[in-house]
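Asker: Provided below are the primary sequence and the corresponding predicted coordinates.
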Amino acid sequence: MSWNAGRSSGAVTGRQSGSSKHRPGYHLAVLASGFVVGGLLNAVARRWLPTGAVKEFLTTGVTPSLGHTEIDLVIFSFGIGPLAMDVSLLSLVGVLIAYLIARSLF
């Protein structure tokens with residue numbers, strides 16, 4: 001029995017095998033653009049939707065944050081933060097939209 005007995009004849013095509021053919025930077029860019037689009041959707045919804053349950057449901061989010069961090073490297077020191085990210089249902093919809101667009105283009 002040969003070593004590729006269970007494989008189809010088209011299995012060796014030169015494509016990368018695995019769950020993704022893109023580099024991590026590509027996925028990071030899609031995720032970041034998705035959060036930007038979702039943030040834009042969230043801002044539009046907060047401004048233009050009438051007050052009510054739908055507006056509350058779509059625009060209420062969780063905001064994890066990382067406080068002010070001091071970094072002292074003997075020669076110089078600096079501070080970073082606070083860093084926060086507002087995650088709501090519309091920001092996740094933005095990530096989904098960015099993923100679907102990126103998937104259809106590439």
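Answerer: Received it, and whenever you're ready, just let me know what you need. Numbers count the residues shown, from 1 in each chain.

Asker: burial check on Gly34, number of neighbours?
Answerer: 22 (other C-beta atoms under 10 Å). (C-beta placed from N, C-alpha, C; glycine too.)

Asker: after the helix or strand hosting it comes which helix or strand?
Answerer: Take DSSP states H and E as the rule and Gly34 turns out to sit in helix 24-48. Counting by DSSP H and E, the next helix or strand C-terminal to helix 24-48 is helix 53-59.

Asker: in that next one, what's buried?
Answerer: 58-59 (16 or more other C-beta atoms under 10 Å).

Asker: same deal with stretch 33-41?
Answerer: For stretch 33-41, by 16+ other C-beta under 10 Å, it's 33-35, 37-39, 41.

Asker: point out where the protein drops to low pLDDT.
Answerer: Low-confidence segments of the chain, defined by pLDDT under 70: 1-20.

Asker: including distance to Gly61, could the buried residues of stretch 33-41 go into TSV?
Answerer: As requested, the buried residues of stretch 33-41 are exported to TSV (distance: C-beta to C-beta, whole Å):
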residue	distance to Gly61
Ser33	18
Gly34	15
Phe35	11
Val37	15
Gly38	10
Gly39	10
Leu41	12
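
Asker: and of those residues, the nearest to Gly94?
Answerer: Nearest to Gly94 among the buried residues of stretch 33-41: Gly38, at 2.4 Å, using C-beta to C-beta.

Asker: ok, the closest one - contacts?
Answerer: By C-beta atoms under 8 Å, 6 or more residues apart in numbering, the contact list for Gly38 reads 88, 90-95, 97.

Asker: and which of the residues you listed is nearest to Phe78?
Answerer: So of the contacts of Gly38, ranked by how close each gets to Phe78 (C-beta to C-beta), first place is Ser91, at 29.3 Å.
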